[in-house]
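K.L.:
No letters, just coordinates:
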Ligand SMILES: Cc1cc2nc3c(=O)[nH]c(=O)nc-3n(C[C@H](O)[C@H](O)[C@H](O)COP(=O)(O)OP(=O)(O)OC[C@H]3O[C@@H](n4cnc5c(N)ncnc54)[C@H](O)[C@@H]3O)c2cc1C
């Protein structure tokens, strides 16, 4: 590989967003992805206004409009009775307020939009079957070594290799994740399999004992994304690709409302993921090598912001590299300075949301309305989310 390219290890959402942001600034990249083909897990993703702001700045507005769902609202429901509360408005109201909309997407559709945009600027930007096993550097260059013992050198290397990052492990040693005691389930359901009253363009969170269920439509409304989290201590594998059974999922939500049972019964293959936490990193760059996204600040899914943080990172990192192209240490120091507090806040607030979702009183059917009123509706919601959605990664001075 030519030595003036920036190497990005990992072609997930964060890696492709970084490639696109750099190419748009006229900076050459090579994305090295371990998989033999590029595809994303079959699951949904919420992208808040802070994420769409960046994606639109990267030229993806039209591509996303073709595949997204713009939900009108988020609702809360009682796990047993099905009583419903309006939680907050989305749709046009939210788009007007924050400037860009809150979208619900199939992860594969977002990934494909990023991939097409990268390829339109550089058709051969992505190298497959390139599993990074080590990184090293001299004063002049960084080097990436792959499983087949080939090597590539570059002035900058970005580790966008996700929660089990090899680049992070080489630079900073292995991380020590702690199991949260929670297991997340996810699945997709063709919307045609569901009764009409479950076709609505809203995101619905069911609150109940020892867990919650969230579902929202994706892919132009053709699929319903299902995600649930339950307190369990018998499963500790942190992976998107481990299948469970609908029977096991149903037993985690036994006694919940008929709509929840209908959703669970309509999932072909549910997947389970043990939720782990890692302590925040004070810094995540060394010399010519840095990290982004889950590789440096994985976050629990209780705020729906993990991928969005990777997208914000990517935009700002590209701007820092452009400005300090001859000084990687300065570029990465500025990138970390801009991102440290923001990402730590998101990690912390996601953790706080976990406590709210697992409030023990939700197990008492008669207490749910009180908990909803106290914890979910009676907070100053505007202020609670403004800091998150108003953040504009595209206009931060570098
Ligand atoms: C249940 C659940 C629900 C979620 N919901 C949301 C949501 O609604 N909104 C949101 O914003 N976020 C959500 N997230 C978080 C989001 O999925 C992650 O934060 C996001 O995928 C991180 O992107 P990334 O690019 O950093 O890493 P990844 O998406 O993990 O990509 C890493 C890439 O690197 C490749 N790779 C790994 N190791 C190597 C190697 N050694 N060499 C080469 N390539 C390598 C991988 O194959 C992969 O392609 C959710 C997470 C979970 C678990």
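P.N.:
Structure received. Because the structure is predicted, anything quoted here is derived from the model rather than measured. Residues are numbered from 1 along each chain as shown.

K.L.:
So residue 22 sits against residue 6, correct?
P.N.:
Yes - between residue 22 and residue 6 there is a contact at 6.0 Å, judged by CB atoms under 8 Å. In this view, the C-beta of every residue, glycine as well, is placed from N, C-alpha and C.

K.L.:
Common neighbours of the two, please.
P.N.:
28, 29, 321 (CB atoms under 8 Å, 6 or more residues apart in numbering).

K.L.:
Surely the last one and residue 329 touch.
P.N.:
No - with contact defined as CB under 8 Å, residue 321 does not count as touching residue 329 (11.9 Å).

K.L.:
Who has more neighbours out of those two?
P.N.:
Using other CB atoms under 10 Å as the criterion, residue 321 and residue 329 rank with residue 321 on top: 25 against 12.

K.L.:
buried ones in the helix or strand where that one lies?
P.N.:
Residue 321 belongs to helix 306-323 when elements are defined using DSSP states H and E. Neighbour-count burial for helix 306-323, counted by 16 or more other CB atoms under 10 Å, picks out 306-322.

K.L.:
Can you get me a residue count around residue 23?
P.N.:
Residues lying near residue 23 (other CB under 10 Å) number 21.

K.L.:
residue contacts, the nearest residue to it once chain neighbours are set aside?
P.N.:
Nearest residue to residue 23 in three dimensions, chain neighbours excluded: residue 121, at 4.2 Å (CB to CB, 6 or more residues apart in numbering). When contacts are counted by CB under 8 Å, 6+ apart, residue 121 touches 20, 23, 24.

K.L.:
Any stretches of the chain with poor pLDDT?
P.N.:
1-3, 378-383 (pLDDT under 70).

K.L.:
quick one: the helices in it?
P.N.:
With helices called from DSSP state H, the chain shows them at 13-24, 49-57, 61-65, 91-98, 107-121, 166-172, 246-252, 258-266, 306-323, 328-357, 368-371, 381-389.

K.L.:
Out of the contacts of residue 121, flag the one nearest to the ligand.
P.N.:
Set against the ligand, the nearest of the contacts of residue 121 by CB to the nearest ligand atom is residue 20 (12.5 Å).

K.L.:
My read is that that closest one contacts residue 115, right?
P.N.:
No - taking CB under 8 Å as the definition, residue 20 is not a contact partner of residue 115, at 9.1 Å.

K.L.:
Mind checking which of those two has more residues around it?
P.N.:
residue 20 (30 against 21).

K.L.:
Grab the most central residue of the chain for me.
P.N.:
Residue closest to the average C-alpha location in the chain (CA atoms, centre = their mean): residue 307, at 2.5 Å.

K.L.:
now that residue, nearest residue through space, not along the chain?
P.N.:
Leaving aside its chain neighbours, residue 307 sits nearest to residue 13 (4.9 Å; criterion: CB to CB, 6+ apart).

K.L.:
now that neighbour: how far from residue 5?
P.N.:
Using CB to CB, to the nearest Å, one obtains 21 Å as the distance from residue 13 to residue 5.

K.L.:
ok, these two, which is more surrounded?
P.N.:
The residue with more neighbours, out of residue 13 and residue 5, is residue 13; 26 against 19, by other CB under 10 Å.

K.L.:
Contacts only, for the more buried one.
P.N.:
40, 107, 110, 111, 114, 293, 307, 310, 311.

K.L.:
who in the chain is up against the ligand?
P.N.:
Within the chain, the positions near the ligand by CB under 6 Å from any ligand atom are 9-15, 32-35, 45-46, 130-132, 160-163, 166, 184, 186, 227, 273, 293-295, 301, 304-308, 310.

K.L.:
Determine the number of other residues adjacent to the residue of the stretch 51-200 of the chain found nearest the ligand.
P.N.:
Residue of the stretch 51-200 of the chain nearest the ligand, by CB to the nearest ligand atom: residue 162 (2.7 Å). Counted with other CB under 10 Å, residues neighbouring residue 162 total 22.

K.L.:
Provide a list of residues in contact with it.
P.N.:
Contacts of residue 162 by CB under 8 Å, 6+ apart are 10, 12, 14, 293, 294, 295.

K.L.:
now do residue 127
P.N.:
30, 31, 32, 33.

K.L.:
Bridged to residue 158, which residues?
P.N.:
residue 8, residue 290 (DSSP bridges).

K.L.:
what about it, distance to residue 14?
P.N.:
From residue 158 to residue 14 the distance is 9 Å (CB to CB).

K.L.:
tell me, how many neighbours does residue 129 end up with?
P.N.:
With other CB under 10 Å as criterion, residue 129 counts 13.

K.L.:
same deal with the one 10 residues further on?
P.N.:
As a burial measure, residue 139 scores 6 neighbours (other CB under 10 Å).

K.L.:
Serialize the helices of the chain to TSV and add fields for distance to residue 138.
P.N.:
Shown next, in TSV, are the helices of the chain (distance: least, CB to CB, whole Å):
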stretch	distance to residue 138
helix 13-24	22
helix 49-57	33
helix 61-65	40
helix 91-98	45
helix 107-121	29
helix 166-172	15
helix 246-252	51
helix 258-266	55
helix 306-323	19
helix 328-357	12
helix 368-371	58
helix 381-389	40
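
K.L.:
Look up how far residue 342 lies from residue 390.
P.N.:
Separation of residue 390 from residue 342 (CB to CB): 12 Å.

K.L.:
And those two? Which one has more around it.
P.N.:
residue 342 (20 against 13).

K.L.:
Quick check on the closest residue to that one other than its chain neighbours: phi, psi?
P.N.:
Of all residues not flanking residue 342 in the chain, residue 391 sits nearest, at 6.6 Å (CB to CB, 6+ apart). Backbone torsions for residue 391, taken as degrees, to the nearest 10, come to phi -60, psi 130.
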